[in-house]
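Visitor: Sequence first, then the predicted structure:
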Amino acid sequence: MNLDKDLFQVDGFEISFNEKSKRIINVKVNDEIIEKLIFPFHKFDITALEYKPFTRFTIAKNLDDLTSGKLSRLINSIVKDRETGCFIIGQKNKNSKINENFLVKLSTALAHLIGIPNYDSMSNKYYARFNVKDEDNSDSYLRKPYTNMDLHTDGTYVEETTDWLLMTKLEEKNVEGGETYLLHLDDWEHLDDLSEDPVGKLKFIWGSPKSKNVDYKVEHPIFTNDSKGRPEISYIDQFPEPQNMKQGNFLQRLSDSLEESKNQIITKLPVGFSVITNNHFWLHGRKAFKQNNSLSRELLRIRGHFNI
């Protein structure tokens, strides 16, 4: 573990290792921090945040100033550390003052302490909100409740670099199942076999369905290496367009081995909590929900790149 233990001492926050994996850090926000955020968060409504990008940095600074800059140092150290690269953050106690608008603002603040959000073409904003309900006619797995959304990374079909991903659960009703599952690349049993296969280093064509609002295709390999030579992955099962048998068979092997991994971490993200991952070496997915005509779940997503 490369994290300095002194980073775990942040006033107003309780920081610990996740019970299912020491690669994931739990960050609990105490009531005193929530109370101190009410006034600065109230200054800007959601429209202001959407129309005036500088206001997003203002609320990020408001949050970080409550910890004398320690929170930003902590979460950046986590997300950029290959040994961890993931944290889950949420309130320690239920608080009636935490509503959906508050969660959008808190997510915005956290994102801007880590980097710069990418434009989300699906929503035409710096973030996207999407519902999963009983009936769905969409063209991707994102909103299909009764099918697994298999392990993947984000940003495979866009030109922008996607270094990190934040997902916040805004609302959930009549839900059983739908757990988040995660896999750290270094814990995947077939990493060496597949990351060293020459096919995985070739450029694949990546498209996207109409709902993504992206009118171009990109080309990139599935596996690359970071500055230290460690493998990184950019992959989702729905969007590659294999051009030959070798590519098609490689994708099948990749998909099967990821979904069969015994080292997946399965967790239930509570309402009001966010999970933030390094998008280069963490994959994420969602288990299928149990059928319910009144099913409703809403997530917020922000994905972006690190500060220069």
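Guide: Alright, I've got the coordinates. Numbers count the residues shown, from 1 in each chain.

Visitor: domain parsing for this structure?
Guide: Split into domains by automatic domain parsing, the chain comes to 1-116, 139-162+175-268+280-303.

Visitor: Flag the shaky bits of the chain, pLDDT-wise.
Guide: Applying pLDDT under 70 to the chain flags residues 1-2, 137-143.

Visitor: circling back to that earlier point, nearest to residue 123, of the domains of the chain?
Guide: Ranking the domains of the chain by distance to residue 123, with CB to CB as the measure, places domain 139-162+175-268+280-303 first at 8.7 Å. Where C-beta positions appear, they are placed from N, C-alpha and C, glycine not excepted.

Visitor: before we move on, the earlier item: so for residue 133, which of the domains of the chain sits nearest?
Guide: Each of the domains of the chain was scored for nearness to residue 133 using CB to CB, and the closest is domain 139-162+175-268+280-303 (5.6 Å).

Visitor: Point me to the helix or strand that includes residue 129.
Guide: Using DSSP states H and E, the element containing residue 129 is strand 128-133.

Visitor: I should have written residue 171 there, sorry.
Guide: Of the helices and strands defined by DSSP H and E, residue 171 is found in strand 164-173.

Visitor: quick one: that strand to strand 128-133, angle?
Guide: 40 degrees (axes from the mean of the first three to the mean of the last three CA atoms, to 10 degrees).

Visitor: Show me what counts as buried in strand 164-173.
Guide: Within strand 164-173, the residues that qualify as buried by neighbour count (16 or more other CB atoms under 10 Å) are 164-172.

Visitor: Ok, stretch 298-308 next?
Guide: Residues of stretch 298-308 classed as buried under the neighbour-count rule (16+ other CB under 10 Å) are 298-305.

Visitor: with those residues in mind, which one is nearest to residue 95?
Guide: The shortest gap between residue 95 and any of the buried residues of stretch 298-308 belongs to residue 300, at 18.0 Å (CB to CB).

Visitor: Tell me how far the nearest residue to the closest one once chain neighbours are set aside lies from residue 109.
Guide: With CB to CB, 6 or more residues apart in numbering as the measure, residue 168 is the residue that lies nearest to residue 300, at 4.3 Å, once sequence neighbours are left out. Counting by CB to CB, to the nearest Å, the gap from residue 168 to residue 109 is 12 Å.

Visitor: Kindly report the same for residue 221.
Guide: Residue 221 is 34 Å from residue 109, where distance means CB to CB.

Visitor: if we can go back for a sec, wait, the residue nearest to residue 300 sits on residue 107?
Guide: Yes - under the criterion of CB atoms under 8 Å, residue 168 lies in contact with residue 107, with a separation of 4.6 Å.

Visitor: As JSON lines, the buried residues of stretch 298-308 with distance to residue 279 and secondary structure would be great.
Guide: Conversion of the buried residues of stretch 298-308 to JSON lines gives the following (distance: CB to CB, whole Å; DSSP: H, G, I helix; E, B strand; the rest coil):
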{"residue": "298", "distance to residue 279": "22", "secondary structure": "strand"}
{"residue": "299", "distance to residue 279": "16", "secondary structure": "strand"}
{"residue": "300", "distance to residue 279": "16", "secondary structure": "strand"}
{"residue": "301", "distance to residue 279": "12", "secondary structure": "strand"}
{"residue": "302", "distance to residue 279": "12", "secondary structure": "strand"}
{"residue": "303", "distance to residue 279": "7", "secondary structure": "strand"}
{"residue": "304", "distance to residue 279": "9", "secondary structure": "strand"}
{"residue": "305", "distance to residue 279": "10", "secondary structure": "strand"}
